[in-house]
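1. After the sequence you'll find the predicted model.
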Amino acid sequence: MADAQAVLRVTGLTVELDRQGGSTPLVTDVSFAIGRGEMVGMVGESGSGKSLTASAVAGVLPRGVRPAGGAIEVDGAVDGGATGPATRRAARRGVAMVFQNPMTSLNPSMRVGDQVAEAIRLRRPGTSRREARRAAVEALDRVEITRPAERARQYPFEFSGGMRQRVMIAIAIAGEPSVLVADEPTTALDVTVQRGVMDLLDRLRLDLGLAVLFVSHDLALVGERCDRLLVMYAGELVESGVTADVLRRPSHPYVRALQQCTPEHALAVGALRPLPGRVPQAGEVRSGCRFTPRCALRTEECERDHPALETRGSGHLVRCHHARGSEE
Amino acid sequence: MAELLVEVESVTKTYRLGGRLARKPPTVAVGGVSVAIAAGESVGVVGESGSGKSTLAGIICGLVRPDSGSVRVAGREVYARRGLDRTIWRTVQMVFQDPYTSLNPAMTVAEIVAEPSRLWHGMDRREADRRALELLDRVGLSAGAAQSRPDSLSGGQRQRASIARALAVSPSLVVLDESVSALDVSVQAQILQLLLDLRRENDLAYMLISHDISVIRLVCDRILVMNGGEVVEELLSAGLTEEAARHPYTRRLLSAVPTMAVDRQG
């Protein structure tokens, strides 16, 4: 994408787990940018570092885990390096996050409308209660909750999973962010409900010009909805590019193997091809290519040298000694 | 007709939400459903949340007594008047949706998976342990994970431990309630392959509840579509298209499935 208009720019992000007697890297040197109104998918298995990257962008890393290097720039305000607390706050405020489980993220004993109003008053401290309540109803209407005035007076338990996720999105956008980080927002939902929530996210990012980082383990879903893809493995980016390039002509053997694991692929070719082995855990990271033990194409070079992320066509980056070019 | 493993005849289950004093009318979770599953059969169940899928699974597995109707497993009445026939758990096992509450937190994963072999098959400790490790390996859990307690494992690892525990009983039917949909595609593929292998090797029958119709089409021959507590449509996986489905929910479900390769430039 045109890097000049990037709303979110992550450069060399490294995240570490503090342990007695040292620290273990969990995410290593991740860089990417997302433009206005763009939705970028981040995929990988559990333990790939995708959720930690998302949490670092939103500034909600778990206890004991800290950003150890790199910078996160939101609308020109930089968080990381030698920046002061004011710019760091500005960068933070530009990012909102939606999580996988909307039941545990909402306060069960507070009316839904009041929870949205609270977010609005946090963003604009001068707002009166009445004004915030009115704006909350508008926000619920914008996420397509029917009879918003009536629903605003209800509690979370009176909402279905899909409706709760819409409330979470209303709270997220009440802060008027420029970046929305969505971490597996539809994983717990029925496919038909998932489609509604995805349609809503799609419309909002276009209407509000939101830069969306969409984290998911569902390759098919990400393939259908995202402009570009970032594929993570063992804490680093292994392939990124325009969705059609990455999914139609995957260059990294890991991406090809992941694709062959999907039921959609198995249905098309009539056989499942499980990917053997598992993602290395933090601290188990080897010297050469991190995918080597599971890779069908491994050679001595892979055991020895850690491959760099290299260009294989316009905007298509791959970290592999044996990558196929996307323009072949 | 192959020998029937499970015969469910017009079962009904209603719940009173909010207790007896609530003025809400009782909710019909399952209303007059009949299902038959033969040995070695693979049945998929789809439906929106609240359609009665999990209640039906509970009824089949001897966990939810229906208000009316009958359930027979291997020819024996499960909900007999004198009480539940517990021997059915040798034949039918269930893997729950929530891997956080279904494993004993005080035992290691290897102990949890070894227990059924000792209880149901009278194996000695060494034999049971060996079998547990073999099963854990087949679901892709390392020896390290086997020696851990459930609370130090990830959700996906726990889910795999639950699947291994259910299979350790060597049941004739395993019912999996949304047990594979949240797993990584790599792990999911491994589990699905295991189900296919066990079906071929041991004539295992399974009933898979999932909102992922692609998964169901891949490993199940027959698909039951539930809506409002009833089975509204029954389909064969082979050659299933949106046009073949008659019920509006089935059509919506089939059209909502994301398709992998979409040309976004086009």
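-> The structure has been received and is ready for your questions.
2. Compute the first-to-last residue distance for stretch A:236-256.
-> Terminal residues of stretch A:236-256 are spaced 17 Å apart (C-alpha to C-alpha, to the nearest Å).
3. what domains does the record give for the chain?
-> Just going to use chain A. A:3-94+A:177-318, A:102-176 (automatic domain parsing).
4. meant chain B, my bad for not saying
-> Here the domain assignment for chain B is B:1-91+B:171-258, B:98-170, based on automatic domain parsing.
5. With distance to A:Arg195, mean neighbour count and mean pLDDT added, can I get these in a markdown table?
-> All C-beta atoms are positioned from the backbone trio N, CA, C, and that covers glycine. Output for those, formatted as a markdown table (distance: least, C-beta to C-beta, whole Å; neighbours: other C-beta atoms under 10 Å in any protein chain shown; pLDDT from 0 to 100):
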| stretch | distance to A:Arg195 | mean neighbour count | mean pLDDT |
| --- | --- | --- | --- |
| domain B:1-91+B:171-258 | 4 | 18 | 89 |
| domain B:98-170 | 24 | 19 | 89 |
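6. Now the stretch 1-150 of chain A against chain B: closest residue?
-> A:Glu45 (4.3 Å; C-beta to the nearest C-beta).
7. what sits against that residue?
-> Going by C-beta atoms under 8 Å, 6 or more residues apart in numbering or on different chains, A:Glu45 touches A:217, A:233, A:258, A:278-279, B:184-187.
8. which residues of the stretch 101-250 of chain A fall in strands?
-> In the stretch 101-250 of chain A, the segments counted as strands under DSSP state E, counting those that start in this stretch are A:179-183, A:211-215, A:228-233, A:236-242.
9. do the same with chain B
-> Counting by DSSP state E, one finds strands in chain B at the ranges B:4-15, B:27-38, B:42-46, B:68-73, B:76-77, B:79-80, B:83-84, B:92-95, B:173-177, B:205-209, B:222-227, B:230-236.
10. want to throw these into CSV with distance to chain A?
-> Formatted as CSV, the strands of chain B follow (distance: least, C-beta to the nearest C-beta, whole Å):
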stretch, distance to chain A
strand B:4-15, 16
strand B:27-38, 14
strand B:42-46, 9
strand B:68-73, 26
strand B:76-77, 34
strand B:79-80, 30
strand B:83-84, 31
strand B:92-95, 17
strand B:173-177, 14
strand B:205-209, 11
strand B:222-227, 11
strand B:230-236, 14
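11. now those strands as TSV including distance to A:Asp245?
-> Listed next are the strands of chain B as TSV, based on distance: least, C-beta to C-beta, whole Å:
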stretch	distance to A:Asp245
strand B:4-15	48
strand B:27-38	45
strand B:42-46	33
strand B:68-73	52
strand B:76-77	58
strand B:79-80	57
strand B:83-84	57
strand B:92-95	38
strand B:173-177	36
strand B:205-209	34
strand B:222-227	35
strand B:230-236	36
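12. that older thread, for the contacts of A:Glu45, which one is nearest A:Val137?
-> A:His217 (34.9 Å; C-beta to C-beta).
13. how close does that closest one sit to chain B?
-> Separation of A:His217 from chain B (C-beta to the nearest C-beta, to the nearest Å): 5 Å.
14. and that residue, how many neighbours?
-> The local packing of A:His217 (other C-beta atoms under 10 Å in any protein chain shown) involves 24 other residues.
15. OK, contacts around the nearest residue to it once chain neighbours are set aside?
-> Of all residues not flanking A:His217 in the chain, B:Asp184 sits nearest, at 5.4 Å (C-beta to C-beta, 6 or more residues apart in numbering or on different chains). Contact partners of B:Asp184, counting by C-beta under 8 Å, 6+ apart, are A:45-46, A:217, B:156.
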